[in-house]
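>>> the sequence isn't on hand, but the structure is:
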């Protein structure tokens, strides 16, 4: 990946980019308002013919002034065009309005991250998620996931599931080619991977490891699906090094989990996986490494998501560069026996064993 090795912008392009950054909070909120007030939709429906300000503002139930300032901002942002006083939508405007990934990312940025990010510099200096107080009073966001205020709760889970759900089915093929009999699902969240494993193999057993409050959510989903007889639960605070994992499983699964921890914490978790896995077992790690993305925009999205971890999640983790992450695997006494990149939207699946 050679996205970040050269500066190919002209001076004019560079200063233009700098202005976008300078006004970024304003253009973000303006873009969201154009979407949420229905202005982009009204313009889009007008097609190539376009629509005037006088036609738009009654439709969206705004004042003429309110619609005008947003429409003019949309021109500068690049969401709209204007010819002969008629507005039409651009390709970028189309994606803001219609693209699911863009909507998920925008809602996550606004509902989960936006207010807290004002204290990002404090989080960098202190190594603590100082922005989390905008959502609730927890040491990390994980204690509060199931009780986040709305709309942050829905936006968080939509964001998380959008990037994981499309990868699970692809990853399952690689997991089950080893015919596991007992899987530890560490960081089980709402139990989605366990549910898919249950459906994939009628004989496999799974033990879920997570904080008690998260396991309660997963248990409800699994009981509703009728899989209780093959599923066990192991409440645990992963951050406490003395908390060991159940031994004897021949597969350990961790998806979008280790990026929630610092480097030292990842080594601790992987050492405990090393201790718990059977002699011939496999450890499956699915992560989104920014340096393994096919497109620059994918790397960019992950680099920005890293700052969510810094400011709101826990203060000390990130979406890792794979070179940094692989050293932690080695330090824990494990080796990568197979690696599959571009699993789903942005994931890499690493299959590890004891050295």
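Sure thing, it's come through. Bear in mind that the values here come from a model prediction, so they are computed numbers and not experimental data.

>>> what pairs with the longest strand that the chain contains, parallel or antiparallel?
As assigned by DSSP state E, the longest strand anywhere in the chain is strand 334-343. Strand pairing for strand 334-343, determined by DSSP bridges: strand 347-354 (antiparallel).

>>> please state the mean pLDDT value computed over the strand it pairs with.
Here strand 347-354 scores 97 as its mean pLDDT.

>>> give the buried residues for the helix or strand hosting residue 303.
According to DSSP states H and E, residue 303 maps onto helix 296-308. Residues of helix 296-308 classed as buried under the neighbour-count rule (16 or more other CB atoms under 10 Å) are 298, 299, 301, 302, 303, 305, 306, 307, 308. To be clear about C-beta, it is placed using only N, CA and C from the backbone, and glycine gets the same treatment.

>>> same check, this time on stretch 99-116
Residues 102-114, 116 are the ones in stretch 99-116 that count as buried (16+ other CB under 10 Å).

>>> inside helices: which ones of those residues?
Using DSSP state H, the subset of the buried residues of stretch 99-116 located in helices is 102, 103, 104, 105, 106, 107, 108.

>>> and the strands in the protein, which stretches?
With DSSP E applied, the chain shows strands at 80-83, 86-89, 182-186, 205-210, 231-235, 251-255, 282-287, 334-343, 347-354, listed in chain order.

>>> output the contacting helices and strands for the lowest-mean-pLDDT helix or strand in the chain.
One helix or strand of the chain scores below all others by mean pLDDT, DSSP states H and E: helix 152-176, with a mean of 89. Applying 3 or more CB pairs under 8 Å, 6 or more residues apart in numbering; DSSP states H and E, one finds that helix 152-176 contacts helix 100-108, helix 192-200, strand 251-255, strand 282-287, strand 334-343, strand 347-354.

>>> give me the contact list for that helix.
Helix 152-176 has contacts (CB atoms under 8 Å, 6 or more residues apart in numbering) with 100-101, 104-105, 107-108, 110-112, 135, 145-148, 183, 189-190, 192-193, 196-197, 200-201, 251, 253, 255-256, 284, 286, 288, 338, 340, 343-347, 349, 351.

>>> between it and strand 251-255, how many degrees?
Helix 152-176 and strand 251-255 are oriented at 150 degrees to each other (axes from the mean of the first three to the mean of the last three CA atoms, to 10 degrees).

>>> buried stuff in helix 152-176?
Using 16+ other CB under 10 Å as the test for burial, helix 152-176 gives 152-153, 155-160, 162-164, 167-168, 171-172, 174-175.

>>> coming back round to it: dump the helices and strands packed on helix 152-176 to TSV, plus distance to residue 122.
Listed next are those as TSV, based on distance: least, CB to CB, whole Å:
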stretch	distance to residue 122
helix 100-108	21
helix 192-200	34
strand 251-255	30
strand 282-287	27
strand 334-343	35
strand 347-354	31
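
>>> looking at those, which is closest to residue 224?
Nearest to residue 224 among those is helix 192-200; the distance by CB to CB comes to 9.5 Å.

>>> quick one: the helix holding residue 303 to strand 334-343, angle?
Between the axes of helix 296-308 and strand 334-343, defined by the same axes, to 10 degrees, the angle is 120 degrees.

>>> hmm, back to that, among the strands of the chain, single out whichever gets nearest to residue 14.
strand 80-83 (24.4 Å).

>>> just checking: what are the partner strands of the closest one?
Strand pairing for strand 80-83, determined by DSSP bridges: strand 86-89 (antiparallel).

>>> chain center to the partner strand, what's the gap?
On the basis of CA atoms, centre = their mean, to the nearest Å, strand 86-89 sits 33 Å off its chain's mean C-alpha point.

>>> tell me which residue of this structure is furthest from the middle?
Distance from the C-alpha centroid of the chain, by CA atoms, centre = their mean, peaks at residue 84 (42.0 Å).

>>> how many neighbours does the residue nearest to it when sequence neighbours are not counted have?
Take residue 84 and drop its neighbours on the chain: the residue closest to it by CB to CB, 6 or more residues apart in numbering is residue 50, 7.8 Å away. Residue 50: 18 surrounding residues under other CB atoms under 10 Å.

>>> residue 94 too?
With neighbours defined by other CB under 10 Å, the count for residue 94 comes to 15.

>>> so it sits against residue 43, correct?
No: between residue 94 and residue 43 there is no contact under CB atoms under 8 Å: 10.0 Å.

>>> how close does the residue positioned nearest the centre of the chain sit to residue 326?
Nearest to the geometric centre of the chain sits residue 160, at 4.6 Å (CA atoms, centre = their mean). Residue 160 is 24 Å from residue 326, where distance means CB to CB, to the nearest Å.

>>> same check on residue 138?
From residue 138 to residue 326 the distance is 31 Å (CB to CB).

>>> do residue 203 as well
Note on residue 203: its distance to residue 326, by CB to CB, is 33 Å.

>>> could you do residue 171 as well?
Applying CB to CB to residue 171 and residue 326 gives a distance of 19 Å.
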